[in-house]
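Peer 1: No sequence on hand, only this structure:
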């Protein structure tokens, strides 16, 4: 039996209904992902399910005793108190009493404790207190830490605990992965799978969606379409549906055009025309008028500057540390024109600091940074980029003119913004009226209007619908310049990045060929499957084979790069062997000896993995 049922729900905020006589239900333990373009009504539907948004028409039926809880989309800035306080507030009035009791116990206020104890016992509150303790333990949360002092990922974990302490039958999640790093997303993914409740969620993270959803519900032009399958199967079925719809609409329009020709024939035909046929034509006209066409696709373009030099950024033995934290140690890399480089690592590891060093905005403590020639940089920074809330969408993009020039073509600002799916009336509205996805599209429009040959994209994917994400991926893959991407979207990194700079540990920054999944395969902690190379015998470097049709673009780039990587690792190992073989090596401080030996072991492991990967790709060519 369904836990919740929506029947004939309609809701309008303008001319066309956002939801038009839709039906929706939630079954026990199912995990439903709501998908659709930005502005189609996904978050509104979630609010109707929660019961905080009334519909214009229709019925919302919730089974007796069913509890619904929601994880907030954004972390509020005004929450005060300890982790225990915030989680307990999920229980309502008894939660506030438990919070006061918790503080009185810490303060040793015996009189207040006695009074609160009576209130707790009167409301069976000790059982509720146990629920709070259990959920804090399950989510590994420190009860007495101040909420305001936590990282963004930990704050979202606390808010999840606040929702879960209610023991909901239906849990609602609206973009739960926004601003979370990959380890936090993977933790959330695993934890949600273990829950014994129904889940209704919205996400732009395709890997998260594929891992969790047992059913997909699409919001499209006021209607809901349910797909009992995973995300990849949904994409195939949706494409088939769109093709069928296009064919049906084409046949309908052809018939309507024929009837319109008939009704406009001469006097003789009008005298003999069939009144039933006239009524059928009127019905066709009404049906065509009521049809809502699918919104056009975004047409993203980047304003290309003149070509940069072949070498874009070169780092040599780079090191940098804050007083309490090592960011990068002895890291070297060369970024060439056309490279698409992903920066991967948990929140707080130093990705933004490394970006500043790469761009010359922060000086390293040792090592060198050399920027290439003729660089023109466009920077997308979701957290620091400024949108003037009071100005219109158009005014936030244009400068002194109401035109922009994109790759030599002059476009009116309204036409340019339409490429980013802003209708003319929407382009004239103030920014404060925009949704999260619309704000991200506007930031992209700002950045892409500037001539560039080096794009810096810091978390560009938050709040974008999946279709716009895929268009952005295509644009970046075909971009003739160089791209540096900070992202926690695993699918996005896999599809765009040709190489990855990864924070594998404190101060330990490594570079890998390919995207996120490629890093997982190559990272040092993976046990090598090949026999260790004999350092006493010179290792002959494999000769690169000619490209084969079997290899993908990413694999071919990796295959071509591996001989050079192997040679570099061999040279590093040779130098380390010479250093360790020196009679004075073991006369140093033990800490320095251990550090060098660990580095030797790490480089040996990397060499083994490079050989294993080269052999794997080589086997595909034979």
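Peer 2: Looks like it came in fine. Here the structure is a predicted model, which is why all the values come from computation and not from measurement.
Peer 1: And the contacts of the helix or strand encompassing residue 158?
Peer 2: Element membership of residue 158, judged by DSSP states H and E, is helix 152-164. Helix 152-164 is contacted from outside by 69-72, 75, 83, 86-87, 89-90, 135-136, 139, 141, 147, 150, 171, 176, 179-181, 184, 188, 191, 195, 347, using CB atoms under 8 Å, 6 or more residues apart in numbering. (Each C-beta comes from the backbone N, C-alpha and C, glycine too.)
Peer 1: how about 7 Å then?
Peer 2: Applying CB atoms under 7 Å, 6 or more residues apart in numbering, the contact partners of helix 152-164 are 69-72, 75, 83, 86-87, 89-90, 135-136, 139, 141, 147, 150, 171, 179-181, 184, 347.
Peer 1: what's the helix or strand following that helix packed up against?
Peer 2: For helix 152-164, the following helix or strand on the C-terminal side (DSSP H and E) is strand 170-174. If contacts are counted by 3 or more CB pairs under 7 Å, 6 or more residues apart in numbering; DSSP states H and E, strand 170-174 sits against helix 42-50, strand 68-71, strand 198-202.
Peer 1: Report the distance from the next helix or strand after the shortest one to the chain centre.
Peer 2: Along the chain past strand 68-71, the next helix or strand (assigned with DSSP H and E) turns out to be helix 83-88. Helix 83-88 has its C-alpha centroid displaced from the chain centroid by 28 Å (CA atoms, centre = their mean, to the nearest Å).
Peer 1: Give me the buried subset of the contacts of helix 152-164.
Peer 2: Listed as buried from those are 69-71, 75, 83, 86-87, 89-90, 135-136, 139, 141, 147, 150, 171, 179-181, 184, 347; burial here means 16 or more other CB atoms under 10 Å.
Peer 1: where do the helices sit along the stretch 451-600 of the chain?
Peer 2: 466-478, 490-496, 516-522, 553-581, 590-621 (DSSP state H, counting those that start in this stretch).
Peer 1: Run through the neighbouring helices and strands of the second one.
Peer 2: This points to helix 490-496. helix 206-212, strand 340-344, helix 466-478, helix 516-522.
Peer 1: closest to residue 456 out of these?
Peer 2: With CB to CB as the criterion, residue 456 lies closest to strand 340-344 of the helices and strands packed on helix 490-496, at 9.9 Å.
Peer 1: In the helix or strand following that closest one, which residues are buried?
Peer 2: Once strand 340-344 ends, the next helix or strand along the chain (criterion: DSSP H and E) is helix 351-358. Residues of helix 351-358 classed as buried by neighbour count (16+ other CB under 10 Å): 351-355, 357-358.
Peer 1: For those residues, give me TSV that also has pLDDT.
Peer 2: As requested, the buried residues of helix 351-358 are exported to TSV (pLDDT from 0 to 100):
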residue	pLDDT
351	89
352	84
353	88
354	90
355	88
357	89
358	86
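Peer 1: Please give me every residue in contact with the nearest residue to residue 200 once chain neighbours are set aside.
Peer 2: Excluding the flanking residues, the one nearest residue 200 by CB to CB, 6 or more residues apart in numbering is residue 32, at 4.8 Å. Taking CB under 7 Å, 6+ apart, we find residue 32 in contact with 26, 199-200, 215, 217.
Peer 1: Weed out the non-buried ones from these.
Peer 2: Here, 16+ other CB under 10 Å leaves 26, 199-200, 215, 217 buried among the contacts of residue 32.
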